[in-house]
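S.K.: sharing a sequence plus its predicted fold:
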Amino acid sequence: QQQVKQSPQSLIVQKGGISIINCAYENTAFDYFPWYQQFPGKGPALLIAIRPDVSEKKEGRFTISFNKSAKQFSLHIMDSQPGDSATYFCAASWRAGGGADGLTFGKGTHLIIQP
Amino acid sequence: EAGVTQSPTHLIKTRGQQATLRCSPISGHTSVYWYQQALGLGLQFLLWYDEGEERNRGNFPPRFSGRQFPNYSSELNVNALELEDSALYLCASSLAVEQYFGPGTRLTVT
């Protein structure tokens, strides 16, 4: 059972445009939702994360929007640049004992920014 | 500040052999997580160690095991290797909630 569904699988955006990636989760126990960026041959890098008591979080050109009632969250990349071309993963977890349990990942979105 | 390091970078084994992968967390981090990134299967949680104890494991058979040492480094052992174990194995470390990943070990089983 896939607990985090991510779409689209691939996305092409023109330079300067807005890239939008969506995720939906099933487990209402999740209370931590990070996004990771992965370049070929590298490990995933933490981009931005949100908790369900907040509906939006912005860091630079990256914004997470969170809809608790719909069990959905999305990543918006403003003013997309060719250097943003990478695979993006949403994930979810729950906090446990001062830390957080293992992450459940979406399948990933391959983003290409065309110059 | 040094990030998460993993060794070796690449590992080639034969079916039925054992593989040992190593991870050094970011200095000060006490939790280590292991993930498998296999083609077509995405990133899947394997194991979580904190303060030397196994806290949770994902949906993997017992031949996937590991441990965390007093200096918080960790190793992942995969016994009785199968062809489908070929994947990138990623280690992440954490002090609280945020997990930071290393570059991974590419395991190839022939």
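M.R.: Sure, I can see it.
S.K.: could you use CA atoms for every contact and neighbour count after this?
M.R.: Fine.
S.K.: now what about the host helix or strand of B:Gly66, what contacts it?
M.R.: If you go by DSSP states H and E, B:Gly66 is part of strand B:64-68. Contacts with strand B:64-68, where a contact means Cα atoms under 8 Å, 6 or more residues apart in numbering or on different chains, come from B:32, B:47, B:49-54, B:74-79.
S.K.: and if we set it to 6 Å?
M.R.: Here strand B:64-68 makes contact (Cα atoms under 6 Å, 6 or more residues apart in numbering or on different chains) with B:52, B:74-78.
S.K.: please apply the same query to stretch B:31-48.
M.R.: Here stretch B:31-48 has contacts from A:102, A:107, B:49-50, B:54-58, B:87-94, using Cα under 6 Å, 6+ apart.
S.K.: now with 8 Å?
M.R.: A:101-108, B:25, B:49-51, B:54-60, B:65-66, B:68, B:72-74, B:76, B:85-95.
S.K.: what about these, which are in strands?
M.R.: When DSSP state E defines the strands, the subset of the contacts of stretch B:31-48 inside them is A:104-105, B:49-50, B:54-57, B:65-66, B:68, B:74, B:76, B:87-94.
S.K.: out of those residues, which end up buried?
M.R.: A:104-105, B:49-50, B:54-55, B:57, B:65-66, B:68, B:74, B:76, B:87-94 (16 or more other Cα atoms under 10 Å in any protein chain shown).
S.K.: ok, back up a step: in its sheet, which strands sit next to the strand holding B:Gly66, and in what direction?
M.R.: strand B:74-78 (antiparallel) (DSSP bridges).
S.K.: going along the chain, name the helices of chain B.
M.R.: Using DSSP state H, chain B contains no helices.
S.K.: just want the most central residue of it.
M.R.: Closest to where the C-alpha atoms of chain B average out (Cα atoms, centre = their mean) is B:Trp34, at 3.6 Å.
S.K.: which residue sits closest to that one, ignoring its sequence neighbours?
M.R.: Of all residues not flanking B:Trp34 in the chain, B:Cys91 sits nearest, at 4.6 Å (Cα to Cα, 6 or more residues apart in numbering or on different chains).
S.K.: could you report the pLDDT at the one you found?
M.R.: B:Cys91 is assigned a pLDDT of 98 by the prediction.
S.K.: same deal with the one 4 residues further on?
M.R.: Per-residue confidence for B:Leu95 comes out at a pLDDT of 92.
S.K.: how much space between it and B:Glu51?
M.R.: Separation of B:Leu95 from B:Glu51 (Cα to Cα, to the nearest Å): 11 Å.
S.K.: could you name every residue contacting both of the two?
M.R.: Joint contacts of B:Leu95 and B:Glu51 (Cα under 8 Å, 6+ apart) are B:30-31.
S.K.: which of those two has more neighbours?
M.R.: Neighbour totals were compared for B:Leu95 and B:Glu51, and B:Leu95 leads with 19 against 15 (other Cα atoms under 10 Å in any protein chain shown).
S.K.: quick one on the thing from earlier: for the residue nearest to B:Trp34, give its distance to A:Phe105.
M.R.: 15 Å.
S.K.: chain B contacts on chain A?
M.R.: Proximity of chain A to chain B, by Cα under 8 Å from any Cα of the partner chain, involves residues A:41-46, A:95, A:98-108.
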